[in-house]
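*Asks:* Sequence and predicted model, in that order:
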Amino acid sequence: MKHIIVLQFIFICSFSYAQNFQISKVIVDKNTKAALENVIISNENDISITNAEGKFVFVSQQNEINLNLLGYNKIKTNFDKLQKEKDTIFMEIKTFELQEVVISNTEAFMKKVYDKFQDNLLQNYTLNFFLRNVFKKDQVNILLQDIYARKNKNTSQKNNLTIEILNMRKTSLFEKKDKVNFQFPDFDGLFHIIVPQIDKCNFTETPFNDNDFKKIAFRTNEKVQTGQIWTGYFIINRKDYAVVEYSLTLIDDPEKIPYKKLLFSKEEYRTTKWTKFTQFTKDSASSKYYPSNIKIDNQVEMLTYKNPKSNVYYDFTMDFFATNSPTNEKINSNFLIHNDIFRAKFPYSKDFWNNQNQLPLTKELETFINSVSEKKDKTKEFEIISNF
């Protein structure tokens, strides 16, 4: 019998094959030479982002390219210039004067941020995006899902969030001896924004190397039922009090989280990690902000009765990024926002995935896909779910 674990989340560019310009580079820190993740590559119409290896591919009909990462000097360039340069782009940390942190003003500042939070958000728009879901067992990949889709948010409608999946590739490799079946998150959980109650938080301003922004760390002053404290930070535009980056961690002491028994099983499990990172981009047309980059990291620890001294850890990550600026286009909804995303069934388009370049595979994921291909005939040992 298979058992189900729900990965619980707690919540209180239109692509074209006719683009004129395309480029692939790696961005690193000028001093440390470390790869820079989450660098936003954009122009007026299109957006891309660097992955964990600092790699990006940008496709656009416009020649202009802007490279932006909070705390670093912006780079304004174009395809023509970058094509003539080396494969690596170096970004330099901003030099700044450390402003005096006035603790007594932090609470009043954050009240303005909370008061303006909803008003600063773009309410009605359509956005194209890529979503990558990766699932691992003890740091070994067992699932990959890439989605290219459109999201429409319309607060005047009863169902104010709708999704149109345009292309998808997915593959998974489960050992049949593993009798645990996971229920994965949905789009509603991915896009829902939760912030801690202002009156239950302690806020502390911390130094940040960009004087146009404030970085405010927070920590809840009350523990939730599992004995956990919520922690995280906001990076806020000083001029309009808009949040441009937000990080939330719901588990600060996993050892205090009790195990739960799986139904009809001797196995026990607990969630040991839950973090969510969101970047907001300002729409030039409306001067409002929208989520352009979301990353969720979730971990579950399992105790197996067959080998109680060897715990098993499952890690699930979601990586969303917008590929164009917001539009007013209508979409044809074809997937319910409360459905398990991995259970989505859409055909694989070889032409699309061979020609798109904004969601490059990491070396680790390339190795995983090759491993699935090698084991595709070993149906006795493995269960493979794939649309390509």
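*Replies:* Yep, that arrived.

*Asks:* Low-confidence ranges, the stretch 101-250 of the chain, go.
*Replies:* Within the stretch 101-250 of the chain, the stretches with pLDDT under 70 are 101-104, 176-181.

*Asks:* Please repeat the previous calculation with a cut-off of 80.
*Replies:* 101-105, 174-184, 225-226 (pLDDT under 80).

*Asks:* now do the stretch 251-388 of the chain
*Replies:* For the stretch 251-388 of the chain, the ranges with pLDDT under 80 are 262-266, 304-310, 354-362, 374-388.

*Asks:* mind listing the helices for the stretch 201-350 of the chain?
*Replies:* 350-355 (DSSP state H, counting those that start in this stretch).

*Asks:* Near the spatially closest residue to Thr171 that is not a sequence neighbour, how many other residues are there?
*Replies:* Closest residue in space to Thr171, ignoring its immediate chain neighbours: Ser386 at 4.0 Å, by CB to CB, 6 or more residues apart in numbering. For glycine as for every other residue, the C-beta is placed from the backbone atoms N, C-alpha and C. Neighbourhood size, Ser386 [other CB atoms under 10 Å]: 15.

*Asks:* Now do the same contact list for Ser386.
*Replies:* Ser386 makes contact with Lys170, Thr171, Ser172, Val372, according to CB atoms under 8 Å, 6 or more residues apart in numbering.

*Asks:* Would you mind measuring from the residue lying closest to Asp297 once chain neighbours are set aside to Tyr290?
*Replies:* Once flanking residues are discounted, Asp297 sits nearest to Thr275: 4.7 Å by CB to CB, 6+ apart. Distance from Thr275 to Tyr290, counting by CB to CB, to the nearest Å: 21 Å.

*Asks:* cool, Lys111 as well?
*Replies:* 23 Å.

*Asks:* would you list every one of the strands in the stretch 201-350 of the chain?
*Replies:* In the stretch 201-350 of the chain, the strands defined using DSSP state E, counting those that start in this stretch lie at 201-206, 213-220, 231-237, 243-249, 260-261, 268-282, 289-303, 312-322.

*Asks:* Run through who's touching the fourth one.
*Replies:* What it means is strand 243-249. So strand 243-249 is contacted by 70, 113, 117, 120, 194-196, 213, 230-237, 274-282, 289 (CB under 8 Å, 6+ apart).

*Asks:* if you set the cut-off to 6 Å instead, what comes out?
*Replies:* 231-237, 275-280 (CB atoms under 6 Å, 6 or more residues apart in numbering).

*Asks:* Give the buried residues for stretch 260-268.
*Replies:* Leu262, Glu267, Glu268 (16 or more other CB atoms under 10 Å).

*Asks:* Export the residues you listed as CSV, with columns for distance to Asp146.
*Replies:* Shown next, in CSV, are the buried residues of stretch 260-268 (distance: CB to CB, whole Å):
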residue, distance to Asp146
Leu262, 30
Glu267, 30
Glu268, 33
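
*Asks:* Out of those, which is nearest to Phe368?
*Replies:* Closest approach to Phe368 among the buried residues of stretch 260-268 (CB to CB): Glu267, at 25.4 Å.

*Asks:* Next, give phi and psi for Tyr114.
*Replies:* With angles defined as degrees, to the nearest 10, Tyr114 sits at phi -70, psi -40.

*Asks:* okay, now it: neighbour count?
*Replies:* 16.

*Asks:* and the angle from the helix or strand hosting Thr126 to strand 312-322?
*Replies:* Secondary structure assigned from DSSP states H and E places Thr126 in strand 125-137. Angle, strand 125-137 to strand 312-322, by axes from the mean of the first three to the mean of the last three CA atoms, to 10 degrees: 160 degrees.

*Asks:* Helix, strand, or coil at Asp119?
*Replies:* helix (DSSP: H, G, I helix; E, B strand; the rest coil).
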